[in-house]
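# need a structure here:
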Amino acid sequence: MIRKFITRVLGRKKPLSSEPAVIPHSSHGIRREHLASAARRTCEGLQERGYKAYVVGGAVRDLLMGEKPKDFDIATNATPEQVRQTFRRARIIGRRFQIVHVMMGAETLEVTTFRGALAHDTKKDDHGRVLHDNVFGTQAEDAARRDFTVNALYYDPASETIIDYHHGVADLKQKTLRMIGEPRARYREDPVRMLRAVRLAAKLGLSIDPAAAKPIREMADLLENVPAARLFDEMLKLLTSGHAVKCLTQLRDAGLHHGLLPLLDVILEQPMGERFVMLALDNTDQRVRVGKPVSPGFLFATLLWHEVLAQWERIQAKGERPIPALFAAMDEVLDSQAEKLAITRRIAGDIKDIWALQPRFESRAGKRPYALLEQQRFRAGYDFLLLRAASGEVPEELADWWTRFMDADGEGRAAMLVPDTEVKKKRRRRKKPAGQSTPQPE
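Got it, this is the predicted structure:
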């Protein structure tokens, strides 16, 4: 109904892309004060030089939905070099498509030049993915190049109007995620759009238009051709969207998880593993929603932990000692992920630190608990232990002991220590159920 109404009011006779709807503030309610100061100043700086400049994409979409945007991206008809010359603190980055980072105080704005229509000789790989895209064009062409209608919205701070070429506002009101152009062709240009569709639908509570949803399962193999670094970035956005549990469910429904995390199926097939992962993602969602920071290292450590447990047990069965076996298992799991996800060296280090601390929580005698408290990653390791206890992997009593030990004073901590002789007796008596608890450190 909204789509028909806009069409009737505008009296559209030409192609949609040449006749945008210009929606006034009285209809959408977004004021320039709702933008970040840096975004307003960037647009003003370009407009004062005679260029067009708009806040574009996700920020406009989120503001229409009453949410606070994470980022404010700017689109302009100025070339990257012209943008760089406009601002004292600006630099051009990117190879596939050049963009400009404009620094305003502590904020960094991403400024892109309107993209032109793809030429017939645009460089692509054998599967149709665009490899080089520094072709500039008009605002209408730029709108047509964007992925979904709800992302092809341009907000002008000067006039406080929204420029809408593809009925994105109407689709947002109808709770529909619709692809601009022919979905199969758009997925071939950039397969990451399939992951983005799942993430946005989960985050915004939208239904993916059937025409855009249908090809996803059969085209999932295209993700094999996406650089690992891009997959990692998209995976991180998905996991920190505040709706990771819903995203994971939809990834499985769409058949995309095989190409995203090769070991995710193995993890989720284990009853204990699935409960652990879901608890971790739910915890992450809650932190994101209340504005608390989220550690990428902690996230990936939870996703891959039960695969580490399986490898750890297998290596020990060959006669290796527990701690060397754990480190060998960690390396195997991370190496197998490296082919699909470019986990940075820093994040991989954080993951290993969290995993390596887990056996040490079993030691509650002598000076070892005090030494563990001094570890740089102790808090992350402790939070990880709490998740393991909540999922039933280790006894709740172990997590409770460490919680009390952390909060106790000096005398209280000393009174809580377990005598070494008692620990050794327990080690001799106890037999580890497969996959349920952590081997003791040597």
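# What sits closest to F300 if chain neighbours are left out?
For F300, ignoring the flanking residues on the chain, the nearest one in space by Cβ to Cβ, 6 or more residues apart in numbering is I351 at 5.5 Å. C-beta: built from backbone N, CA, C; applies to glycine.
# I'd guessed the one you found sits against Q337; true?
No - with contact defined as Cβ atoms under 8 Å, I351 does not count as touching Q337 (9.8 Å).
# Of these two, which one has the most company?
More crowded of I351 and Q337, by other Cβ atoms under 10 Å: I351, with 28 against 22.
# Which residue lies nearest the spatial centre of the chain?
In the chain, the residue lying closest to the centroid (Cα atoms, centre = their mean) is K237, at 1.4 Å.
# mind checking which helix or strand that one is in?
Assigned by DSSP states H and E, K237 belongs to helix 228-239.
# same deal with G412?
Short version, using DSSP H and E: G412 is in helix 410-416.
# So what touches that helix?
364, 369-370, 401, 404-405, 408 (Cβ atoms under 8 Å, 6 or more residues apart in numbering).
# can you rerun that using 10 Å?
Applying Cβ atoms under 10 Å, 6 or more residues apart in numbering, the contact partners of helix 410-416 are 364, 369-370, 373, 401-402, 404-409.
# In contact with the closest residue to A280 other than its chain neighbours: list those residues for me.
Nearest residue to A280 in three dimensions, chain neighbours excluded: T302, at 3.6 Å (Cβ to Cβ, 6+ apart). Neighbouring residues of T302 by Cβ under 10 Å, 6+ apart: 239, 267, 276-281, 283-284, 351, 354, 383-384, 387-388, 391.
# quick one: buried residues of the helix or strand harbouring T302?
T302 belongs to helix 296-317 when assigned by DSSP H and E. Buried residues in helix 296-317, counted by 16 or more other Cβ atoms under 10 Å: 296-312, 315-316.
# re earlier: can you turn the buried part of the contacts of T302 into a PyMOL selection?
Those of the contacts of T302 that count as buried under 16+ other Cβ under 10 Å are selected in PyMOL with:
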select buried, resi 239+267+276+277+278+279+280+281+283+284+351+354+384+387+388+391
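# Okay, and which of the contacts of T302 map to strands?
Per DSSP state E, strands hold no members of these.
# returning to what we had before: any idea which helix or strand comes after the helix holding T302?
helix 322-338.
# packing partners for that next one?
Helices and strands touching helix 322-338, by 3 or more Cβ pairs under 10 Å, 6 or more residues apart in numbering; DSSP states H and E, are helix 228-239, helix 296-317, helix 345-357.
# okay, the second one in PDB with CA atoms only?
Same thing as helix 296-317. This file holds the C-alpha atoms of helix 296-317, laid out as PDB (Å, rounded to 0.1, in the frame of the first residue of the first chain):
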ATOM      1  CA  PRO A 296      36.600 -10.800  19.800                       C
ATOM      2  CA  GLY A 297      39.100 -13.200  21.300                       C
ATOM      3  CA  PHE A 298      36.600 -14.300  24.000                       C
ATOM      4  CA  LEU A 299      33.900 -14.800  21.300                       C
ATOM      5  CA  PHE A 300      36.000 -17.100  19.100                       C
ATOM      6  CA  ALA A 301      37.400 -18.900  22.100                       C
ATOM      7  CA  THR A 302      33.900 -20.000  23.000                       C
ATOM      8  CA  LEU A 303      32.900 -21.000  19.500                       C
ATOM      9  CA  LEU A 304      35.900 -23.300  19.000                       C
ATOM     10  CA  TRP A 305      36.400 -24.600  22.600                       C
ATOM     11  CA  HIS A 306      34.600 -27.900  22.200                       C
ATOM     12  CA  GLU A 307      36.600 -28.700  19.100                       C
ATOM     13  CA  VAL A 308      39.700 -28.000  21.200                       C
ATOM     14  CA  LEU A 309      38.400 -30.400  23.800                       C
ATOM     15  CA  ALA A 310      37.900 -33.100  21.200                       C
ATOM     16  CA  GLN A 311      41.400 -32.700  19.700                       C
ATOM     17  CA  TRP A 312      42.900 -32.500  23.200                       C
ATOM     18  CA  GLU A 313      41.400 -35.900  24.200                       C
ATOM     19  CA  ARG A 314      42.500 -37.400  20.900                       C
ATOM     20  CA  ILE A 315      46.100 -36.300  21.300                       C
ATOM     21  CA  GLN A 316      46.200 -37.500  24.900                       C
ATOM     22  CA  ALA A 317      44.900 -40.900  23.800                       C
END
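# so what are the domain limits for the chain?
Using automatic domain parsing, the domain parsing of the chain gives 2-174, 269-429.
# As JSON lines, the ones you listed with mean pLDDT and distance to G255 would be great.
Formatted as JSON lines, those follow (pLDDT from 0 to 100; distance: least, Cβ to Cβ, whole Å):
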{"stretch": "domain 2-174", "mean pLDDT": "86", "distance to G255": "18"}
{"stretch": "domain 269-429", "mean pLDDT": "90", "distance to G255": "16"}
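# so which of the ones you listed comes closest to V198?
Of all those, domain 2-174 sits nearest to V198, with 12.0 Å by Cβ to Cβ.
# Now do that closest one: distance to the chain's middle.
Offset of domain 2-174 from its chain centre (Cα atoms, centre = their mean, to the nearest Å): 22 Å.
# Same question for stretch 302-319.
Distance of stretch 302-319 from the chain centroid (Cα atoms, centre = their mean) equals 26 Å.
# how deep is Q139 tucked in, by neighbour count?
Neighbours of Q139 under the rule other Cβ under 10 Å: 20.
# Now R217: closest residue in space that isn't a chain neighbour?
Once flanking residues are discounted, R217 sits nearest to G255: 4.1 Å by Cβ to Cβ, 6+ apart.
# and if you look at F276?
Excluding the flanking residues, the one nearest F276 by Cβ to Cβ, 6+ apart is S391, at 4.1 Å.
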